[in-house]
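Asks: Build the 3D model from these lines:
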Amino acid sequence: MESARPHLGADISHADIEECDTGVVAVCPWHRYDFDLQTGKSETGLRACTYAVDVRTDEDGVDKVYMEAPEEGSGWRVSQDCIYNSEFADPPPLASDPLPTSGEGAKPTPQKDDEPVVPIENPPTTLMQWAVLILNTPNPRLKVERTKHAVQLFRTGKLKSIGNKLSSAPHPPDVPSRDDAYSRNVVDPSKVKNRRNRASMLHALANIEQWAIDLAWDIMARFGPMNHDLPPAFFADFTKMALDESKYFTPLTSRLSALSPSTPYGSMPVHAGLWESATVTLHSLLSRLAIIHLVHETRGLDINPATIEKFRKAGDTETVKVMEIIHADEVTHVTARHRWFTWACAQEELNAKKGEEKGGGPDKEV
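Replies: Predicted structure coming up:
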């Protein structure tokens, strides 16, 4: 069954599975709509797209999954093969801290390990509140854990609302918080030397992922309240991206710790070039999607194969596995971001037409 709800387009991957007289149904956690897992039909009259799946064993004894195309339409084709790795399905728990707090040459600031994932005072109740809390979380490990928790709450319908249409929606920070050890090592992008050794490359990649987590939350918190017509599917897509980026950060910092214990994350020079581009696009969703989520992300796709090859030549198969997973998932991220860029373009054209009908300019900038 497709993972998006047909009535709102939001994620249904964490639906409750229940048995009833007619079969097994998936129950939407938000509105309790039920969808038959075999037919996709709902008592509400809606229907989710379903795909017949069969597991067959080939001549070598390997089980392979086959999926039929939907009955409706024609010309279906496989657009992409995705690599799956269980390590990315459930990142290591807090006990396996990937961020060393000591090491030769490193001067990390003590982390607030006792700070809970859910704040004791005024815990967030909307997705916008969680987004701003995560943006204001300097500890990268805690940022990852809060991302995982917030997305789980959102997917299972345990938040009061998305919260972007509320007048009390919190405003995101101009720059996401970073701990002192990290901030001391931030330099101008032009002063960061080319990374030649594996440790420095892993450190740079982890830095990119930490910014990517923030960028996913920032686009929701910053532009959600500015664009009330954003559908729930927008927030479903970007919460998935935030979760994915948080999962990438953990194994990258774990590999950094394994290769170079004396240089924990935050101890090497880093730059905030991604956020500089975000600052330039603070007032335009269309610009943010184009510059950050298409140009920069697509450049990453171009660079990743060469980076993977460097680790492969060094015999670092563990890092190669991690990078191959990241590269495959990033393709889906660019696809989703392009979809919302197209949506934003259509909205801008619609607003321009409305402005022309009224004899003025567009009603607003998207």
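
Asks: residue boundaries of the helices in the protein?
Replies: If you assign secondary structure with DSSP state H, the helices in the chain sit at 86-89, 127-135, 140-155, 180-184, 198-223, 232-259, 273-280, 285-290, 297-313, 317-357.

Asks: so what's the closest residue to Glu19 other than its chain neighbours up against?
Replies: Using Cβ to Cβ, 6 or more residues apart in numbering and skipping residues adjacent in sequence, the residue nearest Glu19 is Val25, 7.9 Å away. Placement of C-beta: from N, CA and C, glycine included. With contacts taken as Cβ atoms under 8 Å, 6 or more residues apart in numbering, Val25 has the following neighbours: 17-19, 34-37.

Asks: Give me the buried subset of those residues.
Replies: Taking 16 or more other Cβ atoms under 10 Å as the criterion, what is buried in the contacts of Val25 is 34-36.

Asks: Leu285: which of those is nearest?
Replies: Using Cβ to Cβ, the shortest approach to Leu285 within the buried ones among the contacts of Val25 belongs to Phe35, at 31.3 Å.

Asks: Tell me if I'm right that that closest one and Ala26 touch.
Replies: Yes - A contact is recorded between Phe35 and Ala26 when judged using Cβ atoms under 8 Å, the distance being 5.0 Å.

Asks: and for those two, which residues touch both?
Replies: Contacts common to Phe35 and Ala26, judged by Cβ under 8 Å, 6+ apart, are 1, 12, 15, 48.

Asks: between these, which is nearest Arg222?
Replies: Within the shared contacts of Phe35 and Ala26, distances to Arg222 taken as Cβ to Cβ reach their minimum at Ile12, with 26.4 Å.

Asks: Report the distance from stretch 52-64 to the chain centre.
Replies: Counting by Cα atoms, centre = their mean, to the nearest Å, stretch 52-64 is centred 32 Å from the centre of its parent chain.

Asks: Which residue, other than its chain neighbours, is closest to Pro13?
Replies: I think there's a mix-up here, since residue 13 is Ser and not Pro. The spatially closest residue to Ser13, leaving aside those adjacent along the chain, is Ser3, at 4.8 Å (Cβ to Cβ, 6+ apart).

Asks: whoops, I mixed them up, Leu159
Replies: In space, and not counting its chain neighbours, Leu159 is closest to Leu153: 5.2 Å by Cβ to Cβ, 6+ apart.

Asks: which residues of this protein score low on pLDDT?
Replies: Along the chain, the parts satisfying pLDDT under 70 run over 5, 7-11, 29-31, 78-113, 187-196, 351-366.

Asks: okay, which residue is most central for it?
Replies: For the chain, Met241 is the residue whose C-alpha lies nearest the centre (Cα atoms, centre = their mean; 1.4 Å).

Asks: That residue contacts Asp214, correct?
Replies: No - when contacts are counted by Cβ under 8 Å, Met241 is not listed as touching Asp214 (11.5 Å).

Asks: Quickly note the distance from the residue nearest to Ser13 to Phe235.
Replies: With distances taken as Cβ to Cβ, to the nearest Å, Ser3 is found 14 Å from Phe235.

Asks: circling back to that earlier point, ok, now how distant is the residue nearest to Leu159 from Asp16?
Replies: According to Cβ to Cβ, Leu153 stands 15 Å off from Asp16.

Asks: Between these two, which has more neighbouring residues?
Replies: Taking neighbours as other Cβ atoms under 10 Å, Leu153 and Asp16 compare with Leu153 leading, 18 against 13.

Asks: could I get the shared contacts of Phe35 and Ala26 as JSON lines with distance to Leu202 and neighbour count?
Replies: Supplementary listing: the shared contacts of Phe35 and Ala26 in JSON lines, determined by distance: Cβ to Cβ, whole Å; neighbours: other Cβ atoms under 10 Å:
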{"residue": "Met1", "distance to Leu202": "38", "neighbour count": "18"}
{"residue": "Ile12", "distance to Leu202": "35", "neighbour count": "23"}
{"residue": "Ala15", "distance to Leu202": "37", "neighbour count": "25"}
{"residue": "Ala48", "distance to Leu202": "41", "neighbour count": "23"}
